[in-house]
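# for reference, the sequence and a predicted model appear below.
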Amino acid sequence: MSEHIWQRVNPEEVVELTRELVRIPSVTSCEGLEISHFVKSWLESHRLGATLVPAGEGRASVVCELGTGDPILLFNAHLDTKPIEGMTIDPFGGAVEHGRLYGRGSCDTKGAVAGMMLAARTLKEAGGPRQGRLRLVFEVGEEGREWAALQLWEEGWLRAQAAVVGEPSDGKIQIGNRGRIGGVVRTFGRSTHTATAEWGVNAIEKMCKLIDSFLHLPYRQSHDPVWGTPPLNFWKIESSGWEATVPYQCVAHFDTRIPPSIGPDEVIAQMKEAIESLGRTDPEFRADMPEEQLWPRLPAAAISSHHDLVLRAQEAYRAVAGTEPALGANPAMTMAHILITRGVPAIIFGPGEIVRAHTTDESVGIDELVLAARFYAALAEQMLGHGG
Ligand SMILES: [Zn+2]
């Protein structure tokens, strides 16, 4: 018998189970019940009791629990995927080539689901947990805008002393999510015929000044090894434009992501100050940022890099990978945000890289799949213990 239970996680089984999950279509909002039934039956066939939690008509999340009492270690990932339109590979083929497994959801997040299922089975077969509970929560309705997880929170399934969210984490132990602010800015000019443009005020030209000043705001000058530089993306711009006419209005939409060191209110204050400052130096500059269109307006959510969960995760990673783990932060929004802001310490660790999620040729590295499955087993062993 090997010394650590993670060594009992069989790489071929990790690949096979991920592949079986990929082969069952589960596009978000029309997941169907097949994927949930498959996961439930698999868990039950290994004597791990599982429950379906309905999420509306014809779809359900799956919950499984081992052990009793506290602490509760929660493993969470989602069963639904992005749609398959435009994919250049067979989305449900699960082909394995050159060390990668291809298909919709392979990286986001069926590989994590498979790894968590196998880690739970390994712990159970070793007689664990010795104390506390390992809980698996695999939800549907994560990839859309509905946040079905909020229902699971209300029903108590996500309450835990520690949690791991299985989103692709670029091989890093991620200690949280960036915050997010979305909004709209408008500039106002004075229209006239192009032939007499010198009499008008071009709202697009004013918007160029505004965008440039936003891109140089103080909050964007920070760089942090974990959180990086806060991105600011102007993603849509339109004007009151008619041909041969100077536009009197221009509207631009932006989306920015922020680290824990700065809150949304402070960033918004910097934006307002930039607008006022442009007005002071240019008497013809007029702009605003409607308060009601600032959405979302979320601060970052993170746990300390010295949190006990992070230290234990680093130890588990070292044992499994044989190298020093890198800490990072998730640049997008994940379930960790819901958990951390509600008082559940959470890290994000899952096979794959976020740049490969939602792509037309989504795939995940086999070595990443195996590493993640072993990491989950090692962390469960470390936090909950086993019988032998
Ligand atoms: Zn995801």
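Alright, I've got the coordinates. Residues are numbered from 1 along each chain as shown.
# drop to CA atoms for contacts and neighbour counts, all remaining ones
Noted.
# how about the strands in the stretch 1-150 of the chain?
50-54, 60-68, 72-78, 96-97, 100-102, 132-139 (DSSP state E, counting those that start in this stretch).
# check contacts around the residue lying closest to residue 90 once chain neighbours are set aside.
Nearest non-adjacent residue to residue 90, counting by Cα to Cα, 6 or more residues apart in numbering: residue 103, 6.5 Å away. Contacts for residue 103 (Cα atoms under 8 Å, 6 or more residues apart in numbering) come out as 22, 89, 90, 91, 92, 93, 94, 95, 361, 362, 363.
# how about TSV for these, with distance to residue 213 added?
Formatted as TSV, those follow (distance: Cα to Cα, whole Å):
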residue	distance to residue 213
22	45
89	42
90	45
91	43
92	46
93	48
94	47
95	48
361	37
362	37
363	39
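# go through those and name the one nearest residue 331.
Of all these, residue 331 sits closest to residue 362, with 18.6 Å by Cα to Cα.
# what sits against the closest one?
Counting by Cα under 8 Å, 6+ apart, residue 362 has contacts 102, 103, 104, 105, 106, 107, 356.
# try it again at 10 Å.
87-91, 100-108, 352, 355-356 (Cα atoms under 10 Å, 6 or more residues apart in numbering).
# same check, this time on residue 332
176, 177, 178, 179, 180, 257, 354.
# contacting residues for the first one?
Contact analysis of residue 176 by Cα under 10 Å, 6+ apart lists 226-227, 259-260, 300-305, 328-337, 339-340, 345-348.
# out of those, list just those in strands.
301, 302, 328, 329, 330, 346, 347, 348 (DSSP state E).
# export those residues as TSV, with columns for distance to residue 47, pLDDT and neighbour count.
What follows is the ones in strands among the contacts of residue 176, written out as TSV (distance: Cα to Cα, whole Å; pLDDT from 0 to 100; neighbours: other Cα atoms under 10 Å):
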residue	distance to residue 47	pLDDT	neighbour count
301	36	95	23
302	35	96	24
328	36	93	23
329	36	93	24
330	34	91	27
346	27	98	31
347	28	98	31
348	27	98	25
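# let me know the pLDDT of the residue nearest in space to the middle of the chain.
The chain has residue 334 as the residue nearest its centroid, 3.2 Å off, counting by Cα atoms, centre = their mean. With respect to pLDDT, residue 334 scores 88.
# all numbers from here: first residue = 17
That works, and once the first residue is 17, the last one we named lands at residue 350.
# that one reaches residue 193, doesn't it?
Yes - between residue 350 and residue 193 there is a contact under Cα atoms under 10 Å: 7.0 Å.
# where do the contact lists of these two overlap?
residue 364.
# just for the protein, where's the confidence low?
Along the chain, the model assigns pLDDT under 70 to residues 17-18, 161-162, 404.
# please redo it, this time with the cut-off set to 80
17-19, 160-164, 403-404 (pLDDT under 80).
# quick one, helices of the stretch 167-316 of the chain?
219-231, 280-297 (DSSP state H, counting those that start in this stretch).
# ok and the last one relative to helix 219-231, angle-wise?
It refers to helix 280-297. Inter-element angle recorded for helix 280-297 and helix 219-231: 130 degrees (by axes from the mean of the first three to the mean of the last three Cα atoms, to 10 degrees).
# contacts for helix 280-297, please.
By Cα under 10 Å, 6+ apart, helix 280-297 touches 195-197, 199, 201, 203, 222, 225-226, 229-236, 272-274, 298, 300-305, 307, 310, 312-316.
# are any of those residues buried, and which?
Buried subset of the contacts of helix 280-297 (neighbour count, 16 or more other Cα atoms under 10 Å): 195-197, 199, 201, 203, 222, 226, 229-231, 235-236, 272-274, 300-303, 305, 310, 313-316.
# most packed of the helices of the stretch 167-316 of the chain?
helix 219-231 (a mean of 18; mean count of other Cα atoms under 10 Å).
# show me what that helix is packed against.
Judged by 3 or more Cα pairs under 10 Å, 6 or more residues apart in numbering; DSSP states H and E, the packing partners of helix 219-231 are strand 195-204, strand 248-255, strand 265-274, helix 280-297, strand 302-304.
# how far off centre is stretch 322-332?
20 Å (Cα atoms, centre = their mean, to the nearest Å).
# check stretch 265-278 too.
19 Å.
# C-alpha coordinates for it, PDB please?
C-alpha atoms of stretch 265-278 as PDB (Å, rounded to 0.1, in the frame of the first residue of the first chain):
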ATOM      1  CA  GLN A 265     -22.800  62.700 -28.800                       C
ATOM      2  CA  CYS A 266     -20.600  59.700 -28.300                       C
ATOM      3  CA  VAL A 267     -21.200  56.800 -25.900                       C
ATOM      4  CA  ALA A 268     -18.600  54.200 -24.900                       C
ATOM      5  CA  HIS A 269     -18.900  51.100 -22.800                       C
ATOM      6  CA  PHE A 270     -16.100  49.900 -20.500                       C
ATOM      7  CA  ASP A 271     -15.300  46.900 -18.300                       C
ATOM      8  CA  THR A 272     -12.500  47.000 -15.800                       C
ATOM      9  CA  ARG A 273     -11.100  44.400 -13.300                       C
ATOM     10  CA  ILE A 274      -9.600  45.400 -10.000                       C
ATOM     11  CA  PRO A 275      -7.400  43.900  -7.300                       C
ATOM     12  CA  PRO A 276      -8.300  43.800  -3.500                       C
ATOM     13  CA  SER A 277      -6.000  46.800  -2.800                       C
ATOM     14  CA  ILE A 278      -8.500  49.200  -4.400                       C
END
